[in-house]
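with the sequence up front, the predicted model follows.
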There are 2 protein chains.
Amino acid sequence: MTNSTDIFLGIDGGGTKCKARLEDAQGKLLSEAMAGPANAYRNLPGSVAAVLEASQKAVAKANVQGLDLSQVHAGIGLAGINIPQVKQAFLKQSLPFASWHVTTDLHIACLGAHLGQDGAIVIVGTGSSGIAIHNAQHLEIGGHGFIVGDKGSGAWLGKKAISQCLESLDGLSPHNLLSQQLMHKLNCHNAYDVVSLTLEAKPAFYASIAPLIFELAESQQQDALLLVKQAADYINKICFRLLKGNSGSLSLIGGITQPLLGYLHSELQAIIQPAKATPEQGAVLYAKSKFTQNIRG
Amino acid sequence: MTNSTDIFLGIDGGGTKCKARLEDAQGKLLSEAMAGPANAYRNLPGSVAAVLEASQKAVAKANVQGLDLSQVHAGIGLAGINIPQVKQAFLKQSLPFASWHVTTDLHIACLGAHLGQDGAIVIVGTGSSGIAIHNAQHLEIGGHGFIVGDKGSGAWLGKKAISQCLESLDGLSPHNLLSQQLMHKLNCHNAYDVVSLTLEAKPAFYASIAPLIFELAESQQQDALLLVKQAADYINKICFRLLKGNSGSLSLIGGITQPLLGYLHSELQAIIQPAKATPEQGAVLYAKSKFTQNIRG
């Protein structure tokens, strides 16, 4: 098993930031640190740099005499690493840890949410995706990106609202309160203003519209309500698919979890539990389990 | 009116190519030429360069002794110029023509389709958009781009098909023949293969899938048929909106016009006529009308 002097590092590397968490073998938190975007598909060298920066900051903050990265066992969860070619390329990197293993950000989030036990999570924030872990088998769903996937997510909601707003400005559908409020929020006066905003927009821009949509849905505005229900329908489908043949433990995490929860299927609302720990804690669990496997092997 | 020695240049500058057409005052074709992409929003200096390249090539091919751009009256139709800031920026350019005027690619296409008379056109190719001209008033619809607009277009059809294919691969919807054929056409074996193709894909990639969808719809494949009917519904809406209070002359142009036509509303099928002339011929008409206005003014 782990030696009492072993130090473990958990990394949660996402599209906007990279979090690091340092723990000793007894699970005591030594330090936490943060760096920039770490999506391994979008920018592999940038991802490696972010992982190293967050790790070095965590080690520096840990206040452990003489500690450096070569004494640390790392578990790294990264967005974009689900693409096989990206994982191959990442595995070729030379990283200065005592040992390291890399997996998806979904995987470590699921390990965190269920403290390493079998279970499923769905992430609904800017994007949407899910994973179920059962008897060491993984089922990953969604996460196909803003253009052709991420249905039900914050960015998807914002994109649909803007699209409907433009149809309404074109006189192809009746004016509605959602479009009016959206124009007001975006400080737009006509279709050109709206289109100008979208021309270079990232998914985060569209996701920033989601709170307005939930607010209007809460006040029973029909167009907003319909969009939110469509989002909930898709997230319901992901949840039921992940629960099929699995343990029944399910957590929802991500930016629009709270406003969306009340629109999900009642069976799901009854079983969804808060995550027991964070993704970076899940990454530490991953590091420890890999370390234990290696000692045994 | 125009002097018999006046030479007119029509430019149709789109997202993939820029066409030039040189005519004398009697409407005799002197030459045609082509250059690269000319979308004024995406790349203003590139757009100016493409316009100049196509113009110079046309003048060189015209075989008119001593002819240069300073003797030519140009009518320029450009994609992207509908955005007011882009038009302002283009108007600040110094171009070497005797005179020049710029308008949208939709406008010159409509002038060409109806030989300068009032009427409407809908363009359904990679994107979708429409214009009606009635008593010198313009109504432009759609053309809001691949992310939030261009519904019913070839790129929209391809995007929807890929999105459905990924849902089916995720086990969230039943497998269907459209998804199977799409995987085969794209030489993909799993969701990662499909997602990899989309990561850097331009709208033209998605539009390249449209012919397969129309083919399957023709053979009554239900998923393909549903998508094509959704596209037709939207194009119907654009057409009826443009016809409201207008002359009733309507043409459809663009890459998916032919396969889509049979799915449109029967009232529209009955009145849609082929375009009488090309967009670059429309641009020459535009140049001539502006020249005449200036002479009169």
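Perfect, I can see it now.

once you drop chain neighbours, what's closest to the spatially most central residue of chain A?
Nearest residue to the geometric centre of chain A (CA atoms, centre = their mean): residue A:123, 5.4 Å. Excluding the flanking residues, the one nearest residue A:123 by CB to CB, 6 or more residues apart in numbering or on different chains is residue A:254, at 4.4 Å. Using the backbone N, CA and C atoms, a C-beta is placed for each residue, glycine as well.

distance of the one you found from chain B?
As for residue A:254, its distance to chain B is 18 Å (criterion: CB to the nearest CB, to the nearest Å).

so what does residue A:76 have for phi and psi?
Here is the backbone geometry of residue A:76 (degrees, to the nearest 10): phi -120, psi 120.

pull the contacting residues for it.
Counting by CB atoms under 8 Å, 6 or more residues apart in numbering or on different chains, residue A:76 touches A:11, A:13, A:51, A:100-103, A:283.

need the residues you listed in a markdown table with distance to residue B:47 and pLDDT, can you?
Formatted as a markdown table, the contacts of residue A:76 follow (distance: CB to CB, whole Å; pLDDT from 0 to 100):
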| residue | distance to residue B:47 | pLDDT |
| --- | --- | --- |
| A:11 | 45 | 98 |
| A:13 | 39 | 94 |
| A:51 | 42 | 97 |
| A:100 | 49 | 96 |
| A:101 | 50 | 97 |
| A:102 | 44 | 97 |
| A:103 | 46 | 96 |
| A:283 | 48 | 97 |
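
the host helix or strand of residue A:108: how far from the chain's middle?
When elements are assigned from DSSP states H and E, residue A:108 belongs to helix A:105-113. Centre-to-centre, helix A:105-113 and its host chain are 9 Å apart (CA atoms, centre = their mean, to the nearest Å).

now swap in stretch A:10-20 and tell me
10 Å.

cool, and stretch A:137-148?
Relative to the centre of its chain, stretch A:137-148 is centred 11 Å away, using CA atoms, centre = their mean.

what residues sit buried inside that stretch?
Residues of stretch A:137-148 classed as buried: A:139-148 (neighbour count, 16 or more other CB atoms under 10 Å in any protein chain shown).

picking that back up, let me know how buried the residue nearest to residue A:123 is, in neighbour terms.
If you count neighbours by other CB atoms under 10 Å in any protein chain shown, residue A:254 ends up with 19.

same check on the one 4 residues further on?
Using other CB under 10 Å, residue A:258 has 10 other residues around it.

name the SS class of it, please.
Recorded secondary structure, residue A:258: helix (DSSP: H, G, I helix; E, B strand; the rest coil).

distance-wise, check it relative to residue A:264.
Going from residue A:258 to residue A:264 by CB to CB, to the nearest Å gives 12 Å.

same deal with residue A:92?
Counting by CB to CB, the separation of residue A:92 from residue A:264 is 41 Å.

who's more crowded, those two?
Between residue A:92 and residue A:264, counting by other CB under 10 Å, residue A:264 is the more crowded of the two (21 against 7).

test my guess that that one contacts residue A:232.
Yes - here residue A:264 reaches residue A:232: they are 5.4 Å apart, a contact under CB atoms under 8 Å.

show me what contacts residue A:168?
Counting by CB under 8 Å, 6+ apart, the residues that residue A:168 touches are A:174-176, A:179.

tell me the pLDDT at it?
According to the prediction, residue A:168 has pLDDT 93.

got phi/psi on the residue nearest to the centre of chain A?
Torsion angles at residue A:123 (phi, psi; degrees, to the nearest 10) stand at phi -100, psi 120.

so it touches residue A:109, yeah?
Yes - the pair residue A:123 and residue A:109 passes the contact test of CB under 8 Å, sitting 6.5 Å apart.

now for the two: what residues contact both?
residue A:253.

wait, residue A:70 touches residue A:99, no?
No - counting by CB under 8 Å, residue A:70 sits too far from residue A:99 to count as a contact (10.2 Å).

okay, the residue nearest to residue A:123 and residue A:290: tell me how far apart.
To residue A:290, residue A:254 is 26 Å away according to CB to CB.

please, where are all the helices along the stretch 51-200 of chain A?
Along the stretch 51-200 of chain A, counting by DSSP state H, counting those that start in this stretch, helices occupy A:84-91, A:105-113, A:154-169, A:177-186, A:191-198.

out of those, which one sits most buried?
Mean neighbours per residue, mean count of other CB atoms under 10 Å in any protein chain shown, is largest over the helices of the stretch 51-200 of chain A for helix A:105-113, with a mean of 28.

which strands and helices sit next to it?
Judged by 3 or more CB pairs under 8 Å, 6 or more residues apart in numbering or on different chains; DSSP states H and E, the packing partners of helix A:105-113 are strand A:7-13, strand A:72-78, strand A:119-124, strand A:128-134, strand A:250-253, helix A:279-296.

residues contacting residue A:284?
Residue A:284 is in contact with A:8-10, A:21, A:23, A:75, counting by CB under 8 Å, 6+ apart.

and which of those is nearest to chain B?
Taking CB to the nearest CB as the measure, residue A:75 is the one of the contacts of residue A:284 closest to chain B, at 22.7 Å.

the closest one and residue A:285 touch, don't they?
Yes - if you go by CB under 8 Å, residue A:75 and residue A:285 touch, sitting 7.4 Å apart.

intersection of neighbour lists for these two?
A:10, A:108.

what about residue A:175, neighbour count?
Residue A:175 has 11 neighbouring residues, counting by other CB under 10 Å.

same check, this time on residue A:206
When neighbours are defined as other CB under 10 Å, residue A:206 has 25 of them.

list the contacts of it.
By CB under 8 Å, 6+ apart, the residues touching residue A:206 are A:146, A:154-159, A:162.
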